[in-house]
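**Student:** When you get a sec, could you give me coordinates for this:
(one chain, ligands or ions: 5)
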Amino acid sequence: MHPDVAWGLWSKERARRVESVIDNLLPPSAEHPQRLHEAMRYAVLGGGKRVRALLAYAAGELTDADARAVDRAAAAVELMHAYSLIHDDLPCMDDDVLRRGKPTCHVAFGEATALLAGDALQSFAFEALAGGALRDPRQAASVLAHAAGSRGMAGGQAIDLGCADKTLDLSELERMHRLKTGALIRAAVRLGADCGQAMDADGNDALLRYASAVGLAFQVVDDVLDVEGTAQSLGKTAGKDAVQRKSTYVTLLGLAAARERIETLHVAARTTLTGFGTGARRLLELADWIVARTH
Ligand code: IPE
Ligand code: IPE
Ligand code: MG
Ligand code: MG
Ligand code: MG
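**Tutor:** Ligands and ions are numbered 1, 2, ... in the order given. Purely as a prediction, here's the structure:
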């Protein structure tokens, strides 16, 4: 795609692209065991903003990787994310019935199948990545595993579940957000960049700071949208955090201060990209979009 193409067109094209990559990689619904394959496809296809895939493609543009080289890394982070959403929605976790504008996976397929669909999507993420064009495939597997594990997303989810009914302080809350959401977003950026040319230490450091800022901003926006959005606009139940007495940036700081925090992170993300030049264009646009999103 031409480098001057507008953000809206670029993001739509890349979202469609990763959808088709995932569609082609996943086993067909007709393959035995059909119900499991159907549930996997139900959870990952036909919805979602594809933010993690877009971040991978955008970071790939920074290191001169063409979209084809990034496809599997982009698919892998979306597969991992879809697994995390299935499990996040289970009755033993957030007990949600609506996701991406349709019934959650366990509502549509039953808890046992949803649990297995999540497990299988997590494995499939590694399978997708293994066939990819990364500079260092072993390192890539380790990045994705770390992001999903107890020092990443699963660890953050454990803190989230453990904190219902008690108030975290700001540093504990930030730590939880950086793990449960930030870790996979950082991995998406890292893996996308690792599909292209190697960067020097300063470049890697700046990219990590960018990913940390947008990763945290993403979850603070999610907290704000849980209060301000509707089921219609979000495609998931609104107001859940208050009902489940979760600690969020809104409960801890209030809406105005949560919004200020988002803007501080936005500025931090943009600032870290200043040394990169035009190759960082999509990363900049993504930072702008992540903080301004309404769903
Ligand atoms: C929702 O993620 C869960 C969080 C980590 C906040 P997204 O807002 O990216 O969900 P989809 O992929 O667009 O449905
Ligand atoms: C989920 O955070 C983070 C994950 C690792 C899936 P939330 O529980 O706030 O996500 P939503 O609001 O249900 O999408
Ligand atoms: Mg949750
Ligand atoms: Mg949830
Ligand atoms: Mg939420």
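**Student:** Could you list the low-pLDDT ranges of the stretch 101-250 of the chain?
**Tutor:** Under the criterion pLDDT under 70, no range of the stretch 101-250 of the chain is flagged.
**Student:** who's in contact with stretch 213-226?
**Tutor:** Among residues not part of stretch 213-226, those counted as contacts by CB atoms under 8 Å, 6 or more residues apart in numbering are 51, 55, 174, 177-178, 180-186, 189, 234, 238-242, 248-250, 255, 258-259, 261-262, 265-266, 268-269, 272, 286-287, 290-291, 293-295. Where you see a C-beta, it was placed from the backbone N, CA and C, and this is true even at glycine.
**Student:** which of the residues you listed are close to ligand 1?
**Tutor:** Contacts with ligand 1 are made by 51, 181 out of the contacts of stretch 213-226, judged by CB under 6 Å from any ligand atom.
**Student:** Drop anything exposed from the contacts of stretch 213-226.
**Tutor:** Neighbour counting with 16 or more other CB atoms under 10 Å marks 51, 55, 174, 177-178, 180-186, 189, 234, 238, 241, 248-250, 258-259, 261-262, 265-266, 268-269, 272, 286-287, 290-291 as buried within those.
**Student:** Identify the residue nearest residue 247 in space, chain neighbours excluded?
**Tutor:** With CB to CB, 6 or more residues apart in numbering as the criterion, residue 247 has its nearest non-adjacent residue at 4.2 Å, and that residue is residue 168.
**Student:** Tell me which helix or strand the one you found sits in.
**Tutor:** Taking DSSP states H and E as the definition, residue 168 sits outside all helices and strands.
**Student:** I'd like the distance between it and ligand 2.
**Tutor:** Using CB to the nearest ligand atom, to the nearest Å, we find residue 168 at a distance of 14 Å from ligand 2.
**Student:** Could you pull up the residues touching that residue?
**Tutor:** Under the criterion of CB under 8 Å, 6+ apart, the contact partners of residue 168 comprise 159, 176, 247, 252.
**Student:** what's the farthest-apart pair in those?
**Tutor:** Farthest apart among those by CB to CB are 159 and 252. That separation is 14.1 Å.
**Student:** ok, back up a step: for ligand 2, tell me which of the buried ones among the contacts of stretch 213-226 show up nearby.
**Tutor:** Cross-checking the buried ones among the contacts of stretch 213-226 against ligand 2 (CB under 6 Å from any ligand atom) gives 180-181 as the overlapping residues.
**Student:** Burial check on the residue in the stretch 151-295 of the chain that ligand 3 sits nearest to, number of neighbours?
**Tutor:** Distances between the stretch 151-295 of the chain and ligand 3 by CB to the ion are smallest at residue 160, namely 5.3 Å. Each residue near residue 160 was counted by other CB atoms under 10 Å, and the total is 24.
**Student:** I figured residue 165 hits residue 247, correct?
**Tutor:** No - checked against CB atoms under 8 Å, the pair residue 165 and residue 247 is beyond contact range at 9.4 Å.
**Student:** Neighbour count for these two, which is higher?
**Tutor:** The residue with more neighbours, out of residue 165 and residue 247, is residue 247; 23 against 9, by other CB under 10 Å.
**Student:** nearest spatial neighbour of residue 132, skipping sequence neighbours?
**Tutor:** Taking CB to CB, 6+ apart as the measure, residue 132 lies nearest to residue 72, with 3.3 Å between them; neighbours along the chain are not counted.
**Student:** I should have written residue 217 there, sorry.
**Tutor:** Distance criterion CB to CB, 6+ apart; nearest residue to residue 217, sequence neighbours excluded, is residue 265 at 3.9 Å.
**Student:** Assign a three-state SS to the one you found, would you?
**Tutor:** Following DSSP: H, G, I helix; E, B strand; the rest coil, we place residue 265 in the helix state.
**Student:** can I assume it is in contact with residue 272?
**Tutor:** No - taking contact to mean CB under 8 Å, the distance of 10.8 Å between residue 265 and residue 272 leaves them out of contact.
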